[in-house]
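A.B. asks: can't give you the sequence, but here's the structure:
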């Protein structure tokens, strides 16, 4: 399954609205908004470009915590769209939740498979006919940089943008790391789950602020998928745009987060970290 269902399947509906979304995903997003509102306070700045509504768009965001996908879904609704995600096959094939995610029209990614090149080409083809934004994490995982600045990331998002001539809009976010601890790589028992549960209920009590900023379109017009080095140049522009807007969201935490998560590894360095 490589499909992004949206208003292309429902031509009578107005492009770029929540109504262009399968019912199951609208219901899940409504539940998500209630969840995010119950945990903390969300502040959204910026906007989604009006001329990109109803078109294929890659929305690239930094990854600060396990709860931030829920925050991003709520923030996207506030600016007028419900995104789809690029999800691993394991999640889409999972019992129960996988069924609902498949019905929601997310983009399937089979990581580690021998046909990764073919899968990449199919992803570009799917993007070309999409009518809803695809939300992606260029870093590929929650940042393990001590200051929670974006990691170096990979060029996959940039290559998809150049290969499919798909515009890129960035999201910078801060605060969702306070909702749930990073946890552990694998869950083998209740002791691995307990820190997540306790940190979640602590957040419900403290009500952290989730700040989300939608930036303008990233200019990649002078770059080409066939020019050596252009994928890295596109990646650098995307990551720098995310970082530049992140600075304003954490002015009182310019170096390291005030919130300490004892479970999150801090073993990488960010090439995008602003210099003092």
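C.D. replies: Good, I have the coordinates. Because the structure is predicted, anything quoted here is derived from the model rather than measured.
A.B. asks: Now do the longest strand along the chain: distance to the chain's middle.
C.D. replies: Taking DSSP state E as the assignment, the strand of the chain that covers the most residues is strand 209-217. From the chain centre to the centre of strand 209-217 is a distance of 12 Å (C-alpha atoms, centre = their mean, to the nearest Å).
A.B. asks: so whatever helix or strand comes next after it versus strand 209-217, what angle?
C.D. replies: Counting by DSSP states H and E, the next helix or strand C-terminal to strand 209-217 is helix 230-249. Put simply, helix 230-249 runs at 140 degrees to strand 209-217, going by axes from the mean of the first three to the mean of the last three C-alpha atoms, to 10 degrees.
A.B. asks: gap between the closest residue to residue 234 other than its chain neighbours and residue 97?
C.D. replies: Nearest residue to residue 234, sequence neighbours excluded (C-beta to C-beta, 6 or more residues apart in numbering): residue 158, at 3.7 Å. C-beta here means a position set from N, CA and C on the backbone, and glycine is covered the same way. With the distance defined as C-beta to C-beta, to the nearest Å, residue 158 ends up 30 Å from residue 97.
A.B. asks: Compare those two (neighbour count), which wins?
C.D. replies: Ranked by neighbour count (other C-beta atoms under 10 Å), residue 158 and residue 97 place residue 158 first, with 28 against 11.
A.B. asks: could you list every residue that touches residue 216?
C.D. replies: Applying C-beta atoms under 8 Å, 6 or more residues apart in numbering, we find residue 216 in contact with 46, 49, 169.
A.B. asks: Got a quick PyMOL command for the buried subset of those?
C.D. replies: Listed next is the PyMOL selection for buried residues among the contacts of residue 216, using 16 or more other C-beta atoms under 10 Å:
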select buried, resi 46+169
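A.B. asks: coming back round to it: centre of the chain versus the host helix or strand of the residue nearest to residue 234, how much separation?
C.D. replies: Using DSSP H and E, residue 158 falls within helix 156-164. Centroid separation between helix 156-164 and its chain, computed with C-alpha atoms, centre = their mean, is 16 Å.
A.B. asks: Over to stretch 36-52?
C.D. replies: On C-alpha atoms, centre = their mean, the centre of stretch 36-52 falls 13 Å from that of its chain.
A.B. asks: what bits of the stretch 101-250 of the chain have low per-residue confidence?
C.D. replies: For the stretch 101-250 of the chain, applying pLDDT under 70 flags the ranges 110-119.
A.B. asks: run the last query once more with 80
C.D. replies: 107-131 (pLDDT under 80).
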